[in-house]
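Asks: 3D, please:
(one chain, ligands or ions: 1)
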Amino acid sequence: MMRPSLFATLLCFTLLGGNLADAQKAETFQLQNDNNLKAEITNYGGIITKIIVPDRNGNFADIALGYNSVAEYQKATPYFGAIIGRFGNRIANGSFKLEGKTYNLVKNNEPNGVACHLHGGTKGFDKVVWSAKRISKNGEKGLMLARRSPDGEEGYPGNLDVTVTYWLTNSNELRIEYAASTDKATPLNLTNHSYFNLKGEGNGTILDHILSINASRFTPVNQGLIPTGELAPVGNTPFDWRTPHSIGRDIDSKHQQIVYGLGHDHNFALDKSEPESLTLAATVYEPTSGRVMEVLTTEPGIQFYSGNFLDGSLTGKKEIPYERRSGFCLETQHFPDSPNQPSFPSAILHPGDEYTSTTIYRFSTQ
Ligand code: BGC
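Replies: Below is the predicted model of the structure:
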C-alpha cells in the first residue's frame with residue numbers, strides 16, 4: 001500500500017509581505033510528518049502560523065489562529081502563535097529585585113487600570129527575527145531557532161543565549177524544546193502563545209470545547225491580574241477542570257476571579273509527582289470534529305486563557321474576524337510574577353546553569 005509520505009519533509013519558503021525593521025529576512029518553514037499533519041513556523045517571533053490536523057473523518061483543517069503574512073503580525077497581534085520571553089505572563093509593577101538590585105522593566109499592559117509588565121515587554125521574543133536551522137534526529141525533522149538576547153534587553157540582566165526547537169513527530173506531536181544559558185542571573189519563563197480552535201480557525205467560538213486540566217490548585221489574582229501568592233484549591237469553583245466540561249459552562253460566572261479575568265485567564269499549579277517530569281497537563285476535545293489536543297509539559301504551571309480580549313477587530317487567515325473567545329491558549333509556564341513571589345517555584349536562571357523546558361501538543365481524534 002502506498003503511504004502518502006514516507007519521510008517527514010521540511011520545506012522552506014519566503015513569507016510574502018514582510019517589511020522588517022531588522023532588515024533580516026523572515027521566512028516560514030513547513031514541517032510535515034508521515035501522517036500528513038503540517039505545522040508552519042516563521043522565524044519572526046518563532047510564530048507558529050499554521051497547525052493542520054485531521055478530524056475524525058480524515059478532513060484536515062488549520063486549527064491555529066493567525067495571519068497570512070508577517071506584515072500583519074507586525075501590525076497588531078495578541079501574541080498569536082509566538083514565542084514569549086524573557087518572561088511569560090505578568091510581572092507586578094514591571095519591577096523585581098534580584099541579588100540586591102532593583103530592575104525596572106517596561107510596563108506594557110494595564111488590566112483593570114493597573115500597570116504591569118507582560119510577556120517580555122514592548123519588543124519581546126515574539127517581535128524579533130531568530131536565526132533558523134533545519135535539523136533531524138531519529139528520522140524526524142525539526143526547526144531550531146536561536147538568538148542572543150543582549151544584556152539589558154527590555155530591562156532584563158545578562159546576555160541570554162536561547163534556542164527553541166520545534167518538532168512535528170510521527171506520533172502527531174508538536175514538540176517544543178526550550179534551552180538557554182546566561183552570564184548574569186535573570187528571570188526566565190519561556191512559553192508559546194498559540195491560540196487554538198479545534199473546529200478550525202475562523203469557525204466560531206471555543207465555548208463548546210471540552211477541557212480538562214490536571215490541577216488541584218490555581219493561583220488566584222488581584223484586580224491587576226497579578227497572583228496574590230496563594231495556591232487555592234479548585235474544588236467547588238469554576239476552576240475545577242479535573243472533571244472534563246465545556247469551556248463555556250462557567251465563563252460568565254459571578255465568581256470574583258472570573259470577573260477579574262473577564263472570563264478564564266488563570267494559572268494552574270499542575271499536579272505532578274516529580275517536579276520537572278513531562279506529564280499530561282490538559283486535554284481538549286471538540287465534539288463536532290472529534291479533534292483532541294493533549295498538552296504535556298515539564299513546567300509546573302499552565303495558563304488557561306479563553307481569548308476574552310479578542311473582539312472582532314482582527315481578521316484571520318480566512319478573512320473572518322476573530323470574535324471574542326474564538327480561540328483559547330494553554331501556555332505552559334512558571335507561575336506569573338514569580339520574581340516577586342518567594343513561595344512560587346523559582347524562575348531565575350543563574351550563570352553556569354542550563355535552562356531546559358519541554359512542551360508537547362499531541363493531536364488525535366475521538
Ligand atoms: C494572558 C492574558 C493576555 C493575553 C494577551 C495571556 O497569556 O494571560 O491576560 O491578555 O495573554 O494576548
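Asks: At which residues are the helices of the protein located?
Replies: Remark: helices assigned in the chain by DSSP state H are 70-75, 256-261.
Asks: Show me which residues of the stretch 201-350 of the chain are close to the ligand?
Replies: With Cβ under 6 Å from any ligand atom as the criterion, the stretch 201-350 of the chain comes near the ligand at residues 225, 265, 303, 305, 309, 329, 331. Heads up, the C-betas are built off the backbone N, CA and C, glycines and all.
Asks: run the last query once more with 5 Å
Replies: 265, 305, 309 (Cβ under 5 Å from any ligand atom).
Asks: Mind checking which of these are buried?
Replies: Listed as buried from these are 265, 305; burial here means 16 or more other Cβ atoms under 10 Å.
Asks: now, among the residues of the stretch 201-350 of the chain next to the ligand, which is nearest to Asp151?
Replies: The closest of these to Asp151 turns out to be Tyr305 (Cβ to Cβ; 30.9 Å).
Asks: these two touch, right, that closest one and Leu262?
Replies: No - the pair Tyr305 / Leu262 is not scored as a contact, 10.4 Å apart, by Cβ atoms under 8 Å.
Asks: Check the stretch 51-200 of the chain for the residue nearest the ligand and tell me.
Replies: Pro78 (3.5 Å; Cβ to the nearest ligand atom).
Asks: you'd agree Phe268 is up against Ile302?
Replies: Yes - counting by Cβ under 8 Å, Ile302 is a contact partner of Phe268 at 5.3 Å.
Asks: Name the residues contacting each of these two.
Replies: Taking Cβ atoms under 8 Å, 6 or more residues apart in numbering as the contact rule, Phe268 and Ile302 both touch 213, 215, 281.
Asks: out of those, who has the most neighbours?
Replies: Ala281 (27 neighbours; other Cβ atoms under 10 Å).
Asks: Spit out the contact partners of the residue lying closest to His350 once chain neighbours are set aside.
Replies: Distances taken as Cβ to Cβ, 6 or more residues apart in numbering place Ala185 nearest to His350, at 5.0 Å, with adjacent residues excluded. Going by Cβ under 8 Å, 6+ apart, Ala185 touches 98-99, 157-158, 348-351.
Asks: and Ala185, what are its phi and psi?
Replies: phi -60, psi 140 (degrees, to the nearest 10).
Asks: Which residues are in contact with the closest residue to Glu230 other than its chain neighbours?
Replies: Among residues not flanking Glu230 along the chain, Pro220 sits closest, at 5.6 Å (Cβ to Cβ, 6+ apart). Taking Cβ under 8 Å, 6+ apart as the contact definition, Pro220 lies against 227-228, 230, 232, 257, 266.
Asks: Would you mind checking which of those residues is nearest to the ligand?
Replies: Using Cβ to the nearest ligand atom, those come closest to the ligand at His266, 8.1 Å.
Asks: what's the pLDDT at the closest residue to Glu286 other than its chain neighbours?
Replies: Nearest non-adjacent residue to Glu286, counting by Cβ to Cβ, 6+ apart: Leu198, 3.5 Å away. With respect to pLDDT, Leu198 scores 99.
Asks: repeat for the one 5 residues further on
Replies: With respect to pLDDT, Asn203 scores 98.
Asks: How many residues are close by it?
Replies: Counted with other Cβ under 10 Å, residues neighbouring Asn203 total 17.
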